[in-house]
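Enquirer: For reference, the sequence and a predicted model appear below.
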Amino acid sequence: MKNLIKTLIVITLISSSALRSQAQTLNGSNGIYLTEQDYKSNKLSYTLSPTDKMQLNEFLDGKNVNLIYQGKKLTLAKSEIFGYRMHNQNFRFFHNEAYSILDTAGFALYKKDRLTQQGKGYSPVETYFYSLNLKQPVQKLTIENLWSSFPAQTGFRYSIQNNFKQDAELIAYDKLSNQYKLKYLYFQQKPVMAHANL
């Protein structure tokens, strides 16, 4: 019974993911970013029309993105492209996994749904990550990881220690200032630095 529930959950997630990845918007804003510079310039390659399709192959460690683009079948290795844009959301590939880009001011914040055991079954849970820039490895957003990643920024590290008691608090968002609390603390410790995106 337990295996049957796990199988049903995985099938449901695969089906919903496949439907999401194949659904297209009418304004052509979905497509592939070949390079980091393309992402920064908001330049999509293979901009998808309503008749084009993109299959992300997210399960079973899929290493490629499959496209039907202008009637032709194309296969792109995830390791050779930066990421993609789907439904007004940008994603970065790292180790063949897609991470939704939340914020790039100062350093990058990402989120990803991960299957996590919840009681007797598995459920998708939003998990948060970061990288020092868009070229650096993606790491889980934890107090310990942030402490190690910013050795020269003592004020920022102590601000993290003083303001966050648990890892889950790191993603706190201040709607009044329209920014993540973590980013506010980061820039408070670097007042001369512009709040530029990566």
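Expert: Arrived safely.
Enquirer: quick one, what contacts A108?
Expert: Applying Cβ atoms under 8 Å, 6 or more residues apart in numbering to A108 gives the contacts 92, 101, 130-134, 198. In this view, the C-beta of every residue, glycine as well, is placed from N, C-alpha and C.
Enquirer: Let's have those in JSON lines, adding pLDDT, distance to L67 and secondary structure.
Expert: Listed next are the contacts of A108 as JSON lines, based on pLDDT from 0 to 100; distance: Cβ to Cβ, whole Å; DSSP: H, G, I helix; E, B strand; the rest coil:
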{"residue": "R92", "pLDDT": "97", "distance to L67": "18", "secondary structure": "strand"}
{"residue": "I101", "pLDDT": "98", "distance to L67": "21", "secondary structure": "strand"}
{"residue": "Y130", "pLDDT": "98", "distance to L67": "29", "secondary structure": "strand"}
{"residue": "S131", "pLDDT": "98", "distance to L67": "26", "secondary structure": "strand"}
{"residue": "L132", "pLDDT": "97", "distance to L67": "31", "secondary structure": "coil"}
{"residue": "N133", "pLDDT": "96", "distance to L67": "28", "secondary structure": "coil"}
{"residue": "L134", "pLDDT": "96", "distance to L67": "23", "secondary structure": "coil"}
{"residue": "L198", "pLDDT": "64", "distance to L67": "27", "secondary structure": "coil"}
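Enquirer: So among those, which ones count as buried?
Expert: 92, 101, 130-131, 134, 198 (16 or more other Cβ atoms under 10 Å).
Enquirer: which one of these sits closest to N178?
Expert: N178 has its nearest neighbour among the buried ones among the contacts of A108 in I101, at 16.7 Å by Cβ to Cβ.
Enquirer: For the closest residue to M54 other than its chain neighbours, grab the count of nearby residues.
Expert: What sits nearest to M54 in space, not counting adjacent residues and going by Cβ to Cβ, 6 or more residues apart in numbering, is L67, at 5.5 Å. Neighbour count of L67, defined by other Cβ atoms under 10 Å: 19.
Enquirer: So in that sheet, which strands flank the one helix or strand L67 maps to, and in what orientation?
Expert: Taking DSSP states H and E as the criterion, L67 maps to strand 64-69. Strand partners for strand 64-69, identified by DSSP bridges, are recorded as strand 53-55 (antiparallel), strand 72-77 (antiparallel).
Enquirer: from those strands, which stretch is densest packed?
Expert: Ranked by mean neighbour count, the strands paired with strand 64-69 are led by strand 53-55 with a mean of 18 (mean count of other Cβ atoms under 10 Å).
Enquirer: Where do the helices of this structure begin and end?
Expert: Per DSSP state H, the chain carries helices over the ranges 2-22, 36-40, 143-149, 154-163, 181-188.
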